[in-house]
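Q: This is the structure alone, sequence omitted:
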């Protein structure tokens, strides 16, 4: 399998990590079984780390957002300016 080069698929992959974080986080809160809760917490932490890497490295290097940004609000402002 080759490297992922399509910008739209790279963004879709990042959004999937965000969905995993949300679902695993909600599952951690709602689940009563301690073993399953631990597995969900580990999954949530793994996906959150991957999403953070996506936001602050992959978008800058491979998608080409343009320059460094200081946080999520700065990133959203740049994306909004790009659309208009």
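A: All right, it came through fine. All figures in this text were calculated on a predicted structure; none of them were measured in a lab. Numbering: from 1, shown residues only.
Q: Show me what counts as buried in stretch 40-48.
A: Taking 16 or more other Cβ atoms under 10 Å as the basis for neighbour counts, the residues of stretch 40-48 that come out buried are 40, 43-44, 47-48. In short, each C-beta sits where N, CA and C put it, glycine included.
Q: Now tabulate those residues in TSV and tack on pLDDT and distance to residue 23.
A: Putting the buried residues of stretch 40-48 into TSV (pLDDT from 0 to 100; distance: Cβ to Cβ, whole Å) gives the following:
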residue	pLDDT	distance to residue 23
40	96	9
43	96	9
44	96	9
47	96	9
48	95	12
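Q: can you pull the contacts of residue 6?
A: Going by Cβ atoms under 8 Å, 6 or more residues apart in numbering, residue 6 touches no other residue.
Q: can you check residue 18 too?
A: Residue 18 makes contacts with 47, 51, as judged by Cβ under 8 Å, 6+ apart.
Q: For it, give me the pLDDT.
A: Among the per-residue scores, residue 18 shows a pLDDT of 94.
Q: which element is it on?
A: Element membership for residue 18, per DSSP states H and E: helix 7-30.
Q: still on that earlier bit, with secondary structure and distance to residue 17 added, can I get the buried residues of stretch 40-48 in CSV?
A: Rendered in CSV, the data for the buried residues of stretch 40-48 read as follows (DSSP: H, G, I helix; E, B strand; the rest coil; distance: Cβ to Cβ, whole Å):
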residue, secondary structure, distance to residue 17
40, helix, 15
43, helix, 11
44, helix, 11
47, helix, 5
48, helix, 8
